[in-house]
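Undergrad: Please find the sequence and the predicted model below.
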Number of protein chains: 2
Amino acid sequence: MDEASYLAGYDPGRYPSIAVTVDVVALTIRDGRLCVLLVERGAPPFAGQRALPGGFVKAETLDEAALRELGEETGLKPGEGELARVHLEQLRSYGDPGRDPRMRIVSVAYLAFAPSLPDPTAGSDAAGAYWVPVDEAVGLAFDHDAVLADGLERARSKLEYTPLATAFTAPEFTIGDLRQVYAAVWGEDLHAGNFHRKVLSVPGFVESTGETSARGGERGGPKARLYRAGDAKLLHPALLRPDREDRVR
Amino acid sequence: MDEASYLAGYDPGRYPSIAVTVDVVALTIRDGRLCVLLVERGAPPFAGQRALPGGFVKAETLDEAALRELGEETGLKPGEGELARVHLEQLRSYGDPGRDPRMRIVSVAYLAFAPSLPDPTAGSDAAGAYWVPVDEAVGLAFDHDAVLADGLERARSKLEYTPLATAFTAPEFTIGDLRQVYAAVWGEDLHAGNFHRKVLSVPGFVESTGETSARGGERGGPKARLYRAGDAKLLHPALLRPDREDRVR
DNA sequence: ACGAGTAAGACTCAATCTGAGAAGAACATA
DNA sequence: TATGTTCTTCTCAGATTGAGTCTTACTCGT
């Protein structure tokens, strides 16, 4: 039976109603570490614990709901500069009965990649939200540990096949900046020479601005050339993570 | 504001309620063609058009709801032989206001890979459901054209990185069987010799049974060795689709 | 101003992987 | 039996990979 014929004979009181929310796994890189946006819970259940930002879906698309929630938590306004550069994509939905002790909730989780954003504590609504290094983000409320883990795996995988690493950088960046994004998200260092060769050999990944950085690295080294994101939507060939036996089986 | 603190002050009548359904993109291979399970709609809206099977989520997990719907449409029982071999994974959710003209519905779409299943018309509930080659599955009800397209892209991509092609075959299969799965899903022929070399070189993809097929191919050729699915969860290295420029940008 | 340390970028090299093709043997059908 | 198909293995040239070296340019601390 398909959903629509089902609906035609649907008695609204027949099944317990299900609430729909969005939760956002918002990632950024601060001080070379991958961080996630968390909020502190005031009320039970899980009072005092941290959780992913989220809320009810209103009369809007799911994407709009996720962007709105992200804006409310960071104190930034959708459409204005910084939020406009955020990459937002749907992650997956979580709907186990009992994942919220009060009622049946289906949550559509989103994944956001953001360049380094200001501390959200500046705004008013955003008090109680802050960036936490992902390896310290454990013991979250609800099933948010699992949601975060799924988001991280998606992010790590996306860096292999898409140019989305540039969503974590400033509009103009050096190859070294890009390499540090990969290192932070993947949690392992990369061979600088091979990374450089690879990035420049993938068509449409980056395009040169012709400029170089104003000064060299903080600890020395020559000025580096600056690049912008190219027009590729997929990396061909892909930039694969170093082989790790434990990912295979 | 996170979902739970929102809930604490939630007025149930404040927002229009949202119904939650599951829809299933069930794929199988018949006569060398990739097919999707569709149902014929009897009642408006979209009466007479075809749609993906689906229905309301009851007091069950989303996965259970999807498996239940698939069983109802195919006339097969979950847990019994054939349905137990079906691979089922969540695809993504669709929740645009207006995607169903009657009310706000968020649908969690699932993707199913099945070995060749019997025609569902045998069962009673399953009347009106049938397998349709994917290139003939156009003009579906609701936003199901887009859901199907997303499912197909996911399936094509999954074949690259996972051993899920074996979910389309019998428990024992030849390398040629496997190659035909790839050819059907990707829509392009593969070099038999290179495919053979590649499949056997990926650790854990397939394991030999020691047996060979009872007879050669229908149009000639020697008996082929039989294999089972191995224990790998990911293919390393991956079996990539032939380069196609149009996928890149 | 100078020396030590760091990083960008270009290069080398051997090992591996890839796509394309060829060949032999086994098997089907007409 | 003749013809065509398929399985399986092999070859080979070209591309890609990981690891390392080298030069040059720069920052920082002294």
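TA: Received, thanks.
Undergrad: Distance from the lengthiest helix in chain A to the middle of the chain?
TA: Using DSSP state H to define each element, chain A has its longest helix at helix A:144-161. Here helix A:144-161 is found 8 Å from its chain centre; the criterion is CA atoms, centre = their mean, to the nearest Å.
Undergrad: any residue of it up close to chain B?
TA: No: taking CB under 8 Å from any CB of the partner chain as the criterion, helix A:144-161 and chain B are apart, separated by no less than 8.9 Å. All C-beta spots, glycine's among them, are computed from the backbone N, C-alpha and C.
Undergrad: quick check: mean pLDDT across that helix?
TA: When pLDDT is averaged over helix A:144-161, the result is 98.
Undergrad: After that helix, which helix or strand is next?
TA: helix A:175-186 (DSSP states H and E).
Undergrad: For that next one, name the packing helices and strands.
TA: strand A:19-30, strand A:33-40, helix A:144-161, helix A:192-201, strand A:225-229 (3 or more CB pairs under 8 Å, 6 or more residues apart in numbering or on different chains; DSSP states H and E).
Undergrad: Now do the buried residues in the longest helix of chain A.
TA: For helix A:144-161, the neighbour count (16 or more other CB atoms under 10 Å in any protein chain shown) marks A:144, A:147-148, A:150-152, A:154-156, A:158-161 as buried.
Undergrad: and stretch A:179-198, average pLDDT?
TA: Stretch A:179-198 comes out at a mean pLDDT of 98.
Undergrad: in it, what counts as buried?
TA: Using 16+ other CB under 10 Å as the test for burial, stretch A:179-198 gives A:R179, A:Q180, A:V181, A:Y182, A:A183, A:A184, A:V185, A:W186, A:L190, A:F195, A:K198.
Undergrad: which among the residues you listed gets closest to DNA strand D?
TA: Nearest to DNA strand D out of the buried residues of stretch A:179-198 is A:K198 (CB to the nearest atom of the strand; 5.5 Å).
Undergrad: The closest one touches A:L239, doesn't it?
TA: Yes: under the criterion of CB atoms under 8 Å, A:K198 makes contact with A:L239 at 6.0 Å.
Undergrad: Output the below-cut-off pLDDT ranges for chain A.
TA: Low-confidence segments of chain A (pLDDT under 70): A:1-16, A:77-81, A:121-127, A:248-249.
Undergrad: Quick check, central residue of it?
TA: Taking CA atoms, centre = their mean, the centroid of chain A lies closest to A:A112, which sits 3.0 Å from it.
Undergrad: Please confirm that it is located within a strand.
TA: Yes: applying DSSP: H, G, I helix; E, B strand; the rest coil, one finds A:A112 inside a strand.
Undergrad: unless I'm mixing things up, it is touching A:E73, no?
TA: No: contact between A:A112 and A:E73 fails when scored by CB under 8 Å: they sit 10.4 Å apart.
Undergrad: Quick check: neighbours shared by these two?
TA: By CB atoms under 8 Å, 6 or more residues apart in numbering or on different chains, A:A112 and A:E73 have these common neighbours: A:V24, A:A26.
Undergrad: per the record, what domains does chain A have?
TA: Using automatic domain parsing, the domains assigned to chain A come out as A:14-155, A:162-247.
Undergrad: and the shortest one, how far apart are its ends?
TA: With CA to CA, to the nearest Å as the measure, domain A:162-247 spans 20 Å from end to end.
Undergrad: circling back to that earlier point, so can I have CSV of the helices and strands packed on helix A:175-186 showing distance to DNA strand C?
TA: Below are the helices and strands packed on helix A:175-186 laid out as CSV (distance: least, CB to the nearest atom of the strand, whole Å):
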stretch, distance to DNA strand C
strand A:19-30, 15
strand A:33-40, 16
helix A:144-161, 15
helix A:192-201, 3
strand A:225-229, 3
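Undergrad: Show the contacting residues for A:R50.
TA: Neighbours of A:R50 in contact, by CB under 8 Å, 6+ apart: A:L38, A:V39, A:E40, A:R41, A:V132, A:A137, A:G139, A:L140, A:A141.
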